[in-house]
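J.: the sequence and its predicted three-dimensional model are supplied below.
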Amino acid sequence: MSDSVIEIRNLSKVYRDFWGRSKVKALNSLSLDVKRGEIFGLLGPNGSGKTTTLKLLLGLLFPSEGQVRILGQPAHDVEKNERIGYLPEESYLYRFLNADETLEFYGRLFKMSKAERRKRSDELIKRVGLDQARRRQLKEYSKGMTRRIGLAQALINDPELVLLDEPTSGLDPLGTRDMKDMILKLRDEGKTVVMCSHLLADVQDVCDRIAILFRGELKVIGNVQELLSSNDETQLLTSTLSEEAIRDVKETLKKHGADVKNISHPTSTLEDLFLRTVAESEARPGRRFEPGERPTSESA
Ligand SMILES: Nc1ncnc2c1ncn2[C@@H]1O[C@H](COP(=O)(O)OP(=O)(O)OP(=O)(O)O)[C@@H](O)[C@H]1O
């Protein structure tokens, strides 16, 4: 079995107007592979061709040039879509159905048996955290809840490959953390995930490899850690050091010819602080923090 779930070769897409005249070259000779079991991030500014790429993968658009193979089949072979899950940027869900009815509807589209539909819907509704809201119509859902039911819908057929267009857009930090955990869990289950996003911190947190597109062309591709690590610098992290210890360390480093650029306390992220504050507030409802005080990881 090939190691690549997606093989894109010299793919170009030109959108044409009503008269067949070329309007926009959305993709220009794109070549890349996505390997089985990885989380792959497709990045790029607005209009760089990310959604076009996803649509070409699903066979919803025809390429102007080039080839796409996905799960070993040509992209235009619609049968392969039974093994793919897709979360579009805007969920096209029926506003008057509730969560159970929505998944029932999509389960039927995939010709799942009644028992299978029930079991899978129940599992997915719990997994995406909508158990309490499963009987409410989707028109009453918040943005975050809509994204969650969108993900459940994308997973109804237990797909091998999951395509996610902006999975964390519109989510608050807690919802974002849950969504990222759900994406990581998909990888643990052996699924391959391709996601497009503008939220670079989210991409950095979950993706193994990324590609950056610019005006339809591939500019950068590689392993996230490798792309971000700077090999001409070394970072040491220790428990707190005394002034004297810092002086000694500096002396030692100088002896080895090192240019000490920065010695400071590491900072965490705003996401960490936000999540710890919410966890602490839930655990101890009356607790208030003084100006400048913050919840420690132990208290959260
Ligand atoms: N149906 C269409 N007809 C004509 N041009 C289109 C069509 N769909 C997309 N385009 C154009 O193709 C280019 C790539 O669009 P695409 O939606 O793939 O970009 P994107 O990277 O997903 O953007 P965003 O980040 O805004 O979602 C843009 O210039 C866009 O205007």
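T.: The structure has been received and is ready for your questions. Small disclaimer: the values here were computed from a predicted structure and weren't measured. Residues are numbered from 1 along each chain as shown.
J.: make it CA atoms for all contacts and neighbour counts henceforth
T.: Will do.
J.: name the helices or strands packed onto the longest helix along the chain?
T.: Longest helix in the chain, counting residues (DSSP state H): helix 173-188. If you count contacts as 3 or more C-alpha pairs under 8 Å, 6 or more residues apart in numbering; DSSP states H and E, helix 173-188 packs onto strand 192-196, helix 200-206, helix 270-283.
J.: measure the one residue in the stretch 201-300 of the chain that gets nearest to the ligand to Asp165 for me?
T.: Closest to the ligand within the stretch 201-300 of the chain is Gly216: 7.0 Å, counting by C-alpha to the nearest ligand atom. Distance of Gly216 to Asp165, given as C-alpha to C-alpha, to the nearest Å: 17 Å.
J.: any regions of the stretch 51-200 of the chain where pLDDT drops low?
T.: Nowhere does the stretch 51-200 of the chain drop to pLDDT under 70.
J.: the ligand contacts on that one?
T.: Applying C-alpha under 6 Å from any ligand atom, we find that the stretch 51-200 of the chain lies next to the ligand at Thr51, Thr52.
J.: now the strands for the protein?
T.: Counting by DSSP state E, the segments of the chain that form strands are 4-16, 22-35, 39-43, 65-70, 73-74, 84-87, 161-165, 192-196, 209-214, 217-223.
J.: could you dump those into CSV and include mean neighbour count and distance to Asp100?
T.: Putting the strands of the chain into CSV (neighbours: other C-alpha atoms under 10 Å; distance: least, C-alpha to C-alpha, whole Å) gives the following:
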stretch, mean neighbour count, distance to Asp100
strand 4-16, 19, 31
strand 22-35, 17, 33
strand 39-43, 25, 28
strand 65-70, 20, 30
strand 73-74, 16, 32
strand 84-87, 23, 18
strand 161-165, 25, 21
strand 192-196, 24, 25
strand 209-214, 20, 35
strand 217-223, 15, 39
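J.: in a markdown table: those strands, plus distance to Arg288.
T.: As requested, these are arranged in a markdown table below (distance: least, C-alpha to C-alpha, whole Å):
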| stretch | distance to Arg288 |
| --- | --- |
| strand 4-16 | 50 |
| strand 22-35 | 47 |
| strand 39-43 | 39 |
| strand 65-70 | 53 |
| strand 73-74 | 58 |
| strand 84-87 | 39 |
| strand 161-165 | 38 |
| strand 192-196 | 38 |
| strand 209-214 | 41 |
| strand 217-223 | 42 |
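J.: I'd say Lys55 and Gly49 touch.
T.: No - between Lys55 and Gly49 there is no contact under C-alpha atoms under 8 Å: 10.0 Å.
J.: which of those two has more residues huddled nearby?
T.: Gly49 (24 against 18; other C-alpha atoms under 10 Å).
J.: now do the contacts for the more buried one.
T.: By C-alpha atoms under 8 Å, 6 or more residues apart in numbering, Gly49 lies in contact with Ala26, Leu27, Leu213, Phe214, Arg215, Gly216.
J.: make it 6 Å
T.: Shown in contact with Gly49 (C-alpha atoms under 6 Å, 6 or more residues apart in numbering): Ala26, Leu27, Gly216.
J.: and which of these is nearest Asp208?
T.: Gly216 (21.9 Å; C-alpha to C-alpha).
J.: mind checking how far that closest one is from Phe18?
T.: In terms of C-alpha to C-alpha, Gly216 sits 22 Å off from Phe18.
J.: can you show me the helices along the stretch 1-150 of the chain?
T.: With DSSP state H, counting those that start in this stretch as the criterion, the stretch 1-150 of the chain has helices at 50-58, 99-109, 114-127, 143-154.
J.: got TSV for these, with distance to Glu271 too?
T.: Formatted as TSV, these follow (distance: least, C-alpha to C-alpha, whole Å):
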stretch	distance to Glu271
helix 50-58	26
helix 99-109	29
helix 114-127	22
helix 143-154	17
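J.: closest to Gln132 out of the strands of the chain?
T.: strand 84-87 (22.3 Å).
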